[in-house]
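Student: one predicted model, sequence on top.
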Protein chains: 2
Amino acid sequence: METGIANLLGALSLAVMDRIEQGAREVIGRGGETPAALVVIGYGQGMTNDKLRRILGLSHSGTVRLVDRLVSDRLVERRPGKDGREIALYLTEAGAATRNELMSSRISAVGSLLDVLSPAETKRLATLIHDLLARQDTSELDRFTICRMCDDSVCTNCPLPTTKGKRAR
Amino acid sequence: METGIANLLGALSLAVMDRIEQGAREVIGRGGETPAALVVIGYGQGMTNDKLRRILGLSHSGTVRLVDRLVSDRLVERRPGKDGREIALYLTEAGAATRNELMSSRISAVGSLLDVLSPAETKRLATLIHDLLARQDTSELDRFTICRMCDDSVCTNCPLPTTKGKRAR
DNA sequence: ACCAGATATGTGCGCCACGCACATATTTGG
DNA sequence: CCAAATATGTGCGTGGCGCACATATCTGGT
């Protein structure tokens, strides 16, 4: 029962997320799932409200209001979707720029914690975290949720399994 | 520039905190800094409002309202402090029990992510995170902030540097 | 002894973020 | 063809937090 490592990882994760959140708040002035929403919307073009809701783990109305805020901030546009029921969310030019700021702020926030490690240690840590993530039993939705802040220009080879044949609903 | 590891650690930290927060919400039905406040108040007897504010990184009024909620939930008591200006925050019996639930929920949430690693991998990861934390340039306040969810019965030997002699029990 | 400043707590007010219940519009299937 | 499923939007309330202000107590210099 090695709980010491669980405690250490919990503390580190808290420190990491504190720094990420602080940076995000400086970039967009909003907290909660708002920064993640901007990243997710920029991930694939044509994101719908409902997909976004599931990825962020919010209620439906919470997601609508979140998008309302992004629209009123001129970061996101609502366009008609393929299906007459759906809407398609697109980043504005300002939205895409803000999204890039968000992601680079996140990378540098985490990097400032990591740079106390030697190159060899960094490589070992990367391998361990890579394997840890690769062995999780994640559905495709889980993967999007975990990666909802990820910089897709940096994480070119996501270790998370996507083929864990699970269909929600 | 090795930013891939930063992205991986960011994703892992997000996954860890999602699970911790979900568990905490199930235990106390409240989110934000409320669970951390309960842990911190239970850490050392006689916590003041102002110390708590600094550790949680909240505004003064936000802290007062947070304590109001904990008091109305019968988890915390306000007592007169040593100094006539201060108040001393104490856990009620129910508060102490809830705090233990919170911490064990946290440990098991993180543990469920970790148990895909072999014992040898776990040990290597523990060493790396331990060193990573030990080399951070943290003030004593930073240490309390990072450890604001820590289970002091598990983390008997906190690696974070302290400027002044620190007591843990 | 006195008073200005520092320290610590509480309050009025407002905003952001979110959920629940409900309403509306479109597609799908028997 | 119509009921159910799907997807979005709204009214309303609450939790969580910050800013500005008010109040009470302690501290130090004169």
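Tutor: Perfect, thanks for sending it. This one's a predicted model, so the numbers in the text were calculated from it and none came from an experiment. Residues are numbered from 1 along each chain as shown, chains lettered A, B, ... in the order given.
Student: list the buried residues of stretch A:128-146.
Tutor: A:128-130, A:132-133, A:136, A:138-140, A:142-146 (16 or more other CB atoms under 10 Å in any protein chain shown). Using the backbone N, CA and C atoms, a C-beta is placed for each residue, glycine as well.
Student: and which of those is nearest to DNA strand C?
Tutor: Closest approach between those and DNA strand C, by CB to the nearest atom of the strand: residue A:145, at 13.1 Å.
Student: before we move on, the earlier item: identify the farthest-apart pair in the buried residues of stretch A:128-146.
Tutor: A:128 and A:140 (24.1 Å; CB to CB).
Student: re the thing from before, in TSV: the buried residues of stretch A:128-146, plus distance to DNA strand D.
Tutor: Formatted as TSV, the buried residues of stretch A:128-146 follow (distance: CB to the nearest atom of the strand, whole Å):
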residue	distance to DNA strand D
A:128	32
A:129	28
A:130	32
A:132	29
A:133	28
A:136	26
A:138	21
A:139	16
A:140	15
A:142	18
A:143	19
A:144	15
A:145	17
A:146	21
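Student: can I get these in TSV with secondary structure and pLDDT?
Tutor: Formatted as TSV, those follow (DSSP: H, G, I helix; E, B strand; the rest coil; pLDDT from 0 to 100):
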residue	secondary structure	pLDDT
A:128	helix	97
A:129	helix	97
A:130	helix	96
A:132	helix	97
A:133	helix	96
A:136	coil	96
A:138	coil	93
A:139	coil	93
A:140	helix	90
A:142	helix	95
A:143	helix	94
A:144	helix	94
A:145	helix	96
A:146	helix	96
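Student: possible to save those residues as TSV with distance to residue B:52?
Tutor: Output for the buried residues of stretch A:128-146, formatted as TSV (distance: CB to CB, whole Å):
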residue	distance to residue B:52
A:128	35
A:129	33
A:130	38
A:132	34
A:133	35
A:136	35
A:138	36
A:139	39
A:140	41
A:142	35
A:143	37
A:144	36
A:145	31
A:146	31
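Student: which ones among these come in contact with DNA strand C?
Tutor: Among these, no residue is within reach of DNA strand C (CB under 7 Å from any atom of the strand).
Student: relative to residue A:109, which of those is nearest.
Tutor: residue A:129 (16.4 Å).
Student: let me know the pLDDT of residue A:164.
Tutor: pLDDT recorded at residue A:164 is 52.
Student: and chain A, which of its residues are near DNA strand C?
Tutor: Of all the residues in chain A, those lying near DNA strand C are A:30-34, A:57-63, A:65-66, A:69, A:83-85, going by CB under 7 Å from any atom of the strand.
Student: and if we set it to 10 Å?
Tutor: A:24-25, A:28-37, A:53, A:56-66, A:68-70, A:72-73, A:80-86 (CB under 10 Å from any atom of the strand).
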